[in-house]
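Student: what follows is a predicted structure for the sequence shown.
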Amino acid sequence: MYAIGPFKIIGIALRTSNANNKASEDLGALWERFFVEQIGEKISGKVSEEIFAIYTDYETDYTGEYTCLIGYEVNNLNKIAEGLVGREFDGGKYNKFVAKGIMPEAVVNSWKEIWAKDGELNRKYSADFEIYGPKCQLGDASEVEIFIAVK
């Protein structure tokens, strides 16, 4: 169990769901936009170069609609470039999972494991997130951290 303090993110977002492979298409397009439009260059006050993918505003649980925001942690939300969104998250208690292997398949497989354990995890469905740090692009040795909010 990890205790995570409040944090702020600036990036790009969209609303999607896991039904009918919609998230796979939507999130792939969001990631592509993130890199093609060089969103990171438009964000000031970055805390680090780690990229966050936040899943929040859950309609119900993992079967309903939710918002995905891809961006960077920042020290404040005073300066948000046009076309970007800034959000503040409360933090709280989290379980940590580590997706290991070739990306993005390793992350997808980790989420399938998390969904399979949904009942026992006592999920809060507030803000779950992935952190893409220095180990996220190492081929089959890649690692991405996934944090799941719990009650």
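Tutor: Nice, I can see it.
Student: following element in sequence after the lowest-mean-pLDDT helix or strand in the chain, please.
Tutor: Across the helices and strands of the chain, the lowest-confidence element by mean pLDDT, DSSP states H and E is helix 118-121, at a mean of 92. Remark: after helix 118-121, the chain's next helix or strand is strand 127-132, criterion DSSP states H and E.
Student: related to what we said a few turns ago, quick check: buried residues in the least confident helix or strand of the chain?
Tutor: Within helix 118-121, the residues that qualify as buried are Leu121, counting by 16 or more other CB atoms under 10 Å. The C-beta positions use only the backbone N, C-alpha and C, and glycine is treated the same way.
Student: cool, stretch 51-63 as well?
Tutor: Here stretch 51-63 shows 51-58, 62 as buried, counting by 16+ other CB under 10 Å.
Student: let me have the residues you listed in CSV, adding distance to Ile131 and pLDDT as columns.
Tutor: Below are the buried residues of stretch 51-63 laid out as CSV (distance: CB to CB, whole Å; pLDDT from 0 to 100):
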residue, distance to Ile131, pLDDT
Ile51, 8, 98
Phe52, 6, 98
Ala53, 8, 98
Ile54, 10, 98
Tyr55, 13, 97
Thr56, 15, 97
Asp57, 19, 97
Tyr58, 19, 97
Tyr62, 19, 93
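Student: over stretch 33-41, what's the mean pLDDT, rounded is fine.
Tutor: Averaging pLDDT along stretch 33-41 gives 97.
Student: quick one: end-to-end length of it, please.
Tutor: End-to-end distance of stretch 33-41: 13 Å, with CA to CA, to the nearest Å as the criterion.
Student: ok, longest helix in the chain?
Tutor: In the chain, taking DSSP state H as the definition, the longest helix is helix 22-36.
Student: next secondary structure after it?
Tutor: Next helix or strand after helix 22-36 toward the C-terminus (DSSP H and E): strand 46-56.
Student: which other helices and strands contact that following strand?
Tutor: strand 7-17, strand 65-74, strand 85-89, strand 127-132 (3 or more CB pairs under 8 Å, 6 or more residues apart in numbering; DSSP states H and E).
Student: go again using 7 Å as the cut-off
Tutor: In this structure, strand 46-56 makes packing contacts with strand 65-74, strand 127-132, judged by 3 or more CB pairs under 7 Å, 6 or more residues apart in numbering; DSSP states H and E.
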